[in-house]
Each structure stands twice: as C-alpha cells, then as structure tokens.
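**Q** got a predicted structure here, sequence first:
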Amino acid sequence: MNPTWTAPSVEPAHDVVRAARLQHRLDRKTKPLGALGRLEALALQIGLIQRSEAPQLQAPQLVVFAGDHGIAARGVSAFPSDVTWQMVENFLTGGAAVSVLARQHGIALTVVDAGVRHDFEPREALRLCKISHGTQDASQAPAMSRDQCHAALTAGVEVARSLPGNVLLVGEMGIGNTSSASMLLSRLAGVPLEQCTGRGTGLDDAGLAHKLAVLQQAMRLHDEASDPLDALAAFGGFEIAMMVGAVLQAAHEHRVVLVDGFITGAAVLVAHALAPAVLDYCVFSHRSGEAGHTRLLEHLEVEPLVDLRMRLGEGSGAALVWPLVASSVLLLAEMASFESAGVSDRTATSLSAGQAPSAQRAA
C-alpha cells in the first residue's frame, strides 16, 4: 500500500522525574509500600499520560464501532451478519450488556456505523460514518481498498477528536470480526494462525475447523500484505480501522485509552505498529476468552486488569473495569499521607528504635 495516510503523532508518556514524584506520593499514602498493588501502577500511568501529579478523569466516552465483514458469508461465525445491525439497535435502545454497564457507571455511550450492511435512521447517540455496506470477502479479495482503509482511519480520528473528556473506552460490534483480528495478529505478530483463531460467537469443532480453513485461504491470498496498513486493508474491517484512528488520536491528545478485548486489541496492535508509544496511553481492561487474545497481550507485553473469561466484545470489559480506573485516581488524590494524617509510618518507627532506613526498606 502506498503510505499516503499519516498517523497522528504520539509522544511517549514516560517522564523519569514525574514518575519519581508520582511514586513518592503513592509511597507516602497511609498504607504499607505497594499495598494497593496494580492500582498504584494504574494511578502512576494515568498521571504520566496527563503530565500531572494530580490527574483527574473527566467525561469518559465509550464508543462502539460497528461494521460488517464480507468473510462472514463463508460461514466463519455461528451468527448471521444481520445480527450486527440488530445489535446496533440494541445498543441504541439501551438493552445490550455494554448499554447497561455504561448506564450504571455514568459513561456516555456513542455507537458508530463504520460499515454496517443496513441503513439507520439518524439518532443522537449514533454517528453515521459508513464507508460501505460491509467489507469484501477477504478470502477472495482485499477486504478494503487503500482509499477505503484510509477513509476509515481518518473517520476514527475525527470521531475521537470530536468527543469531550480525557478518557476513551473503545468497543466494537461486527459479525466475522474475530476472523479479521485473528489474521491481523498472525500477520503482524508472527503467531501461527491456529493459535490466533478461536470459536468467536460459539462455533463447534467442525465450525472452528472450517473457519480456520477459510482464514488460511485468505492469508495465502494476501501473502505479501506485511505492512500494518497493507494487512489492515487486506483483512479488514471498517470498524477495526476506525478504532485504529481513534486510538491514535486519543493518544495524540494525551487521553487515557481503555481497551476492551480481542478485536479492540487487534486495533491497538495495528496502532502500535504505526506509533509504538501508543501503548503508554492504553489500559488493557480484561483477558478475553477468545483464543488469540492471550497471544496478543503477550506480544504487546501488557497485562490486563482482570480475567473473568468474558468474550462478549461491545466494550463490555472496558466499561466493567471503569470503577477500578476511577478508584486509582481518587486514591492518589484523596487518600491521606502519613504526614497529613499524623500517622506514624514504618520509617519513623524504625528510626526511633535505631534501625537504619535502608534496613527498614529491605525488611
């Protein structure tokens, strides 16, 4: 692919001096060192993202990108492609799992039609960004043309740019999109396709074998698609490409990006290949039950916050762990220090007993 699309620039978030100051603040809270575990690392990461020793989370935005996949016609999913547009309606009427979780936690929910095989009536929570009525069958032709791929990436940038707040929670919907994610993981991370391909919406053993055969055919057809954007165009989908653009733009704006599961992770995989520093801005919410997700997390060298064996998609995992993210920042902001609370810490106790601080720290 001719590299005519320019990704938003992403600066590394890490700063040695700021990290030390944030860590000192966390260490002086009224608790044993490290007692809040990964919540402390999360608070430190968010402080680095926001370039602040007093970070705040404002107006979190959960965006579900929806698109159809031509490869679904090959029987790679247990559900028909009509489920994509039907679930979009379910999101908009508040009946989907992610709708319930967003409502519970007060998170604004936006649904983006990236390329669904259905025409929707305009609504307040719906963004109509349709590139086409679904991608092509990747086992027969590139899922997207170069121009379509670039248009989807740009649309994702514009969606993120238009939203308020400093937190983006990313989700997706698209029958057949575990196939795209599996092929992207295999091609970009060099993982054998068999280890990337799972049951998706619930395929039985015969269905899984058929899915793998179809994906192998697509991989052979696009054997030379090794560049990140080449692979994205070859394997799809429109919703994945828009997520790539949205994640890059959010990182460019120093927003926290809360990543959902396997398909969202595949979008981050592409974004990371284009701008490696994007990982500094990403919080990986959960480990999906989908086969390839663990391999994707291992490749990116990241750890999710929870492992609940979920494999729903929609951004449901991101919404579910939102309270953990919010709690980490509140603990940094509101938890008293030993000094402000007048509480003796181990250092003070050790010094009064004549023990050297270094010995206390090593205890």
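**A** Yep, it's here.
**Q** and the helices in the stretch 51-200 of the chain?
**A** For the stretch 51-200 of the chain, helices defined by DSSP state H, counting those that start in this stretch occupy the ranges 82-92, 97-105, 146-162, 177-189, 193-196.
**Q** which one of these lies closest to residue 56?
**A** Closest to residue 56 of the helices of the stretch 51-200 of the chain is helix 97-105 (CB to CB; 16.5 Å). Any C-beta I mention is one placed from the backbone N, CA and C, and that applies to glycine too.
**Q** for residue 182, give me its contacts.
**A** By CB atoms under 8 Å, 6 or more residues apart in numbering, residue 182 lies in contact with 193, 196-198, 215, 292.
**Q** same check, this time on residue 97
**A** 312, 314, 316.
**Q** from residue 91, how far off is it?
**A** 10 Å (CB to CB, to the nearest Å).
**Q** can you check residue 156 too?
**A** Distance of residue 156 to residue 91, given as CB to CB: 18 Å.
**Q** look at the two and report which has more neighbours.
**A** residue 156 (31 against 24; other CB atoms under 10 Å).
**Q** that one against residue 243, yeah?
**A** Yes. The pair residue 156 / residue 243 is scored as a contact, 6.1 Å apart, by CB atoms under 8 Å.
**Q** what residues are shared contacts of these two?
**A** With CB under 8 Å, 6+ apart as the test, residue 156 and residue 243 both reach residue 65.
**Q** would you state the helices of the stretch 251-363 of the chain in chain order?
**A** Under DSSP H, counting those that start in this stretch, the stretch 251-363 of the chain gives helices at 262-274, 293-300, 316-334, 338-341, 346-352, 357-362.
**Q** just the C-alphas of the fourth one, formatted as PDB.
**A** Output for helix 338-341, consisting of C-alpha atoms alone and laid out as PDB, is shown next (Å, rounded to 0.1, in the frame of the first residue of the first chain):
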ATOM      1  CA  PHE A 338       1.400   9.800  56.800                       C
ATOM      2  CA  GLU A 339       2.300  13.400  57.300                       C
ATOM      3  CA  SER A 340      -1.200  14.900  56.700                       C
ATOM      4  CA  ALA A 341      -2.900  12.200  58.800                       C
END
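**Q** state the pLDDT value of residue 280.
**A** We have a pLDDT of 98 for residue 280.
**Q** scratch that, residue 200 is what I was asking about
**A** pLDDT, residue 200: 87.
**Q** adding distance to residue 147, write the contacts of residue 97 out as TSV.
**A** Shown next, in TSV, are the contacts of residue 97 (distance: CB to CB, whole Å):
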residue	distance to residue 147
312	33
314	29
316	33
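**Q** and those as a markdown table, adding neighbour count and distance to residue 54?
**A** Output for the contacts of residue 97, formatted as a markdown table (neighbours: other CB atoms under 10 Å; distance: CB to CB, whole Å):
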| residue | neighbour count | distance to residue 54 |
| --- | --- | --- |
| 312 | 17 | 35 |
| 314 | 28 | 33 |
| 316 | 25 | 31 |
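**Q** how many residues are close by the nearest residue to residue 236 once chain neighbours are set aside?
**A** Leaving aside its chain neighbours, residue 236 sits nearest to residue 143 (3.2 Å; criterion: CB to CB, 6 or more residues apart in numbering). Other residues within reach of residue 143, judged by other CB under 10 Å, total 32.
**Q** which ones are touching the nearest residue to residue 282 once chain neighbours are set aside?
**A** In space, and not counting its chain neighbours, residue 282 is closest to residue 257: 4.8 Å by CB to CB, 6+ apart. Contacts for residue 257 (CB under 8 Å, 6+ apart) come out as 167-168, 170, 247, 250-251, 268, 278, 281-283.
**Q** just for the stretch 201-350 of the chain, where's the confidence low?
**A** The stretch 201-350 of the chain contains residues with pLDDT under 70 at 347-350.
**Q** do that again at 90, thanks
**A** 201-202, 291, 345-350 (pLDDT under 90).
**Q** also the stretch 51-200 of the chain?
**A** Looking along the stretch 51-200 of the chain with the criterion set at pLDDT under 90, you get 200.
**Q** walk me through the domains of this protein.
**A** Residue ranges for the domains of the chain, per automatic domain parsing: 16-56+329-362, 61-321.
**Q** taking the ones you listed together, which one is wrapped up most tightly?
**A** domain 61-321 (a mean of 22; mean count of other CB atoms under 10 Å).
**Q** I am finished for the moment; much appreciated.
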